[in-house]
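Peer 1: Build me a structure from this.
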Amino acid sequence: MTAPDQPTAAERRQWARYLVEERAEGAVYSRLATRKSGEERDILLSLAEAERRHEQHWLEMLGGEPARLPKAGLRSRMLGWMAGRFGSIFVLALAQSAEARSPYDGEKHATPAMRADEKVHHEVVRGLAARGRRRLSGSFRAAVFGANDGLVSNLALVLGIGATGVSGGFVLFSGIAGLLAGALSMGAGEFVSVRSQRELLAATEASDDADATAGDLDIDANELALVYRARGMSAEESLARAERVMTAAREGARRTTTGPVGAHNVHGDHDIVGSDWTAAISSFLLFASGAIVPVLPWIFGLTGLAAVLVALLLVGLALLVTGAMVGVLSGGPPLRRALRQLAIGFGAAAITYLLGLVFGVGVA
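Peer 2: Have a look, this model is predicted:
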């Protein structure tokens, strides 16, 4: 496409911004591709190539490489920095949000193909991010819940105890006891929960015992078909499979199958649930790391109102960070998730603090 006659200075500045943004996005995908292999690497390289096509469009509109170019936006620079240093899931989650807001929807100088590309890019990045989320979901769930439970429960505990007017040493002891009790409880609970879920999934996995003994059965295929119907196949599919199995068994051939409907998801479900030991250890450590934060003011010798205010500040910052991380990884707005975490945590702490005031004499 050739450049239009006499574009305005404002248009040229906008095209230059589009150019640097396309370059920055292409660089992000190229850097992520170096950390991947196989299909995901090929997909990321294809995204980078698409960004180079868009870049070339704006170069043609500008009539060549401009002498001066603006800097890429803060989000693009941050993604570029993160792409070379952090796991791809965080970068892809942020890129998903960026791709959702196409700059070309109202841009008359962008081609229809470019606008369509941006829509496709959003879906591709969302798919790649979803893969990462599935891999993270088991241990990440335990980690986030453990950290937040530690922050909120121990903040509520030390504020409630502190509000009764007891000494700083007693508050510190209560906080440490709450940390250990909660961390052990979380670790044990996660271990039992994940182990039970994995055992439940294993119990639902179909076996090929009926197939292996089909040659010895003195029945017709209709009865064997009941096995497959019980596993979720339709009557027609069940009968067809039963006939194939019976034929192969009578001929002395061992049939290799991919498993009935639903069975192919079992191992994937196990991966999504995660490791029981990983979940337990993550819960213990993350609960402890969260629960230690409200106790820090008393560990360093603060007491009374000063300790309470510092504890609120530290826990508030931690809740904002974990909430924002959940927002990034879930594809939701990080600020909204962060504020939600803060409101929930401080709400629970406020209730126990008020109870402490009711049963005590207030903060000394």
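Peer 1: residue contacts, L69?
Peer 2: For L69, the contact set (C-beta atoms under 8 Å, 6 or more residues apart in numbering) comprises A16, L19, V20. Placement of C-beta: from N, CA and C, glycine included.
Peer 1: quick one: the last one and E39, what's the gap?
Peer 2: In other words, V20. V20 is 30 Å from E39, where distance means C-beta to C-beta, to the nearest Å.
Peer 1: Of the two, which one has the most company?
Peer 2: When neighbours are counted by other C-beta atoms under 10 Å, V20 and E39 differ, and V20 comes out ahead with 18 against 10.
Peer 1: helices or strands up against whichever strand or helix holds that one?
Peer 2: Here V20 sits within helix 9-34, counting by DSSP states H and E. The helices and strands touching helix 9-34, judged by 3 or more C-beta pairs under 8 Å, 6 or more residues apart in numbering; DSSP states H and E, are helix 38-62, helix 74-83, helix 88-100.
Peer 1: Identify, out of these, the most deeply packed stretch.
Peer 2: helix 88-100 (a mean of 22; mean count of other C-beta atoms under 10 Å).
Peer 1: Quick one: the helices and strands packed on helix 9-34 as TSV, columns for mean pLDDT too.
Peer 2: Shown next, in TSV, are these (pLDDT from 0 to 100):
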stretch	mean pLDDT
helix 38-62	89
helix 74-83	81
helix 88-100	70
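Peer 1: Now render those as a markdown table, adding distance to V192.
Peer 2: Putting those into a markdown table (distance: least, C-beta to C-beta, whole Å) gives the following:
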| stretch | distance to V192 |
| --- | --- |
| helix 38-62 | 34 |
| helix 74-83 | 36 |
| helix 88-100 | 28 |
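Peer 1: Relative to L319, which of the ones you listed is closest?
Peer 2: For L319, the closest of the helices and strands packed on helix 9-34 is helix 88-100, at 18.9 Å, according to C-beta to C-beta.
Peer 1: what's the nearest residue to L226 if we skip its chain neighbours?
Peer 2: S238 (7.4 Å; C-beta to C-beta, 6 or more residues apart in numbering).
Peer 1: just W277 next, same as before
Peer 2: In space, W277 is closest to F191, 7.1 Å off (C-beta to C-beta, 6+ apart).
Peer 1: What of A338?
Peer 2: G323 (3.7 Å).
Peer 1: re the thing from before, the helix holding V20 versus helix 38-62: what angle between them?
Peer 2: Interaxial angle, helix 9-34 versus helix 38-62 (axes from the mean of the first three to the mean of the last three C-alpha atoms, to 10 degrees): 160 degrees.
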